[in-house]
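>>> with the sequence up front, the predicted model follows.
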Amino acid sequence: MPPSDFSSVPKITGECKPGRGRPRSEHSHEAILDAVLRLLEAEGYGALTIEGVARHAGVGKQTIYRWWKCKAELVLEAYANHSASKTPVPDKGNLRADLEAFLSVGFKRLTDISGPIMRGLMADAVHDEEFREVLVSAFIAKRNEALKQIFQRGRERGEVDHAADVELACELILGPMWYRLLLQQGRLDARFARQLTTAVVNVVGVRGESPAERGEALGMRD
């Protein structure tokens, strides 16, 4: 099962170029990212500071500022690298099963510590165009690519209409997800993952499901 993310997210060092100075020490780099994750869990995104990270990692503040331009970029790298190992792209041999499993795992993560972190990162991205570009290219675009991989497998199995707009299908998933996450309008849970899967599967033209099966998956028989 190949790792990916609502999740195959590489380290962000390509987009977030460190400042001038000595090359990165891998030991210090990992210590800093580990400290970020511990502090996020203990204190949350809003309370996290560069000073606190430096203290817990045993490095100076200037070491952190030499490698990351702001708190948001530092948190994004720590979160993205951690998240990459937590949400694999499933391959169950069926589009509906793959998509529902992928969304269920992703939604579960967004209802724990990941939700507040992502809301904080998105808020920073609204006010910082450079960071917004980093967030999109290093994290959100990777989630989109993982979804496309699931749809492409479905297309190869003959489950997805070749004329279907996969880009639109991905947006139909991510839009409701961000709406519920950012505005906290509705739950991100297994039932919503099932309902969203059915709605999108119908859009991309999966063949072979009866109306009763579609209604049951939408929750009409709950």
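Nice, I can see it.

>>> and the pLDDT for the closest residue to residue 101 other than its chain neighbours?
In this structure, residue 101 finds its nearest non-sequential neighbour in residue 90, 4.3 Å apart by CB to CB, 6 or more residues apart in numbering. The C-beta positions use only the backbone N, C-alpha and C, and glycine is treated the same way. We have a pLDDT of 87 for residue 90.

>>> so what's residue 197 scoring on pLDDT?
96.

>>> tell me how far the host helix or strand of it lies from the chain's centre.
Here residue 197, judged by DSSP states H and E, is contained in helix 190-204. How far helix 190-204 lies from its chain's middle: 18 Å, per CA atoms, centre = their mean, to the nearest Å.

>>> could you do stretch 172-186 as well?
Put simply, stretch 172-186 sits 13 Å off its chain's centre (CA atoms, centre = their mean).

>>> again, but for stretch 26-41
Centre-to-centre, stretch 26-41 and its host chain are 19 Å apart (CA atoms, centre = their mean).

>>> same deal with stretch 127-147?
Put simply, stretch 127-147 sits 9 Å off its chain's centre (CA atoms, centre = their mean).

>>> so how far is the first residue of that stretch from its last?
Using CA to CA, to the nearest Å, the end-to-end distance of stretch 127-147 comes to 28 Å.

>>> so where's the protein uncertain?
1-24, 84-87, 206-222 (pLDDT under 70).

>>> mind redoing it with 80?
1-24, 80-88, 112-113, 138, 205-222 (pLDDT under 80).

>>> in stretch 196-205, which residues are buried?
Under the neighbour-count criterion of 16 or more other CB atoms under 10 Å, stretch 196-205 has 196, 197, 198, 199, 200, 201, 203, 204, 205 buried.

>>> and if you look at stretch 126-137?
In stretch 126-137, counting by 16+ other CB under 10 Å, buried: 128, 131, 132, 134, 135.

>>> same check on stretch 58-73?
So stretch 58-73, judged by 16+ other CB under 10 Å, has buried residues 59, 63, 64, 65, 67, 68, 69, 70, 71, 72, 73.

>>> can you redo the buried residues of stretch 126-137 as a markdown table with secondary structure and distance to residue 95?
As requested, the buried residues of stretch 126-137 are exported to a markdown table (DSSP: H, G, I helix; E, B strand; the rest coil; distance: CB to CB, whole Å):
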| residue | secondary structure | distance to residue 95 |
| --- | --- | --- |
| 128 | coil | 37 |
| 131 | helix | 34 |
| 132 | helix | 32 |
| 134 | helix | 32 |
| 135 | helix | 28 |
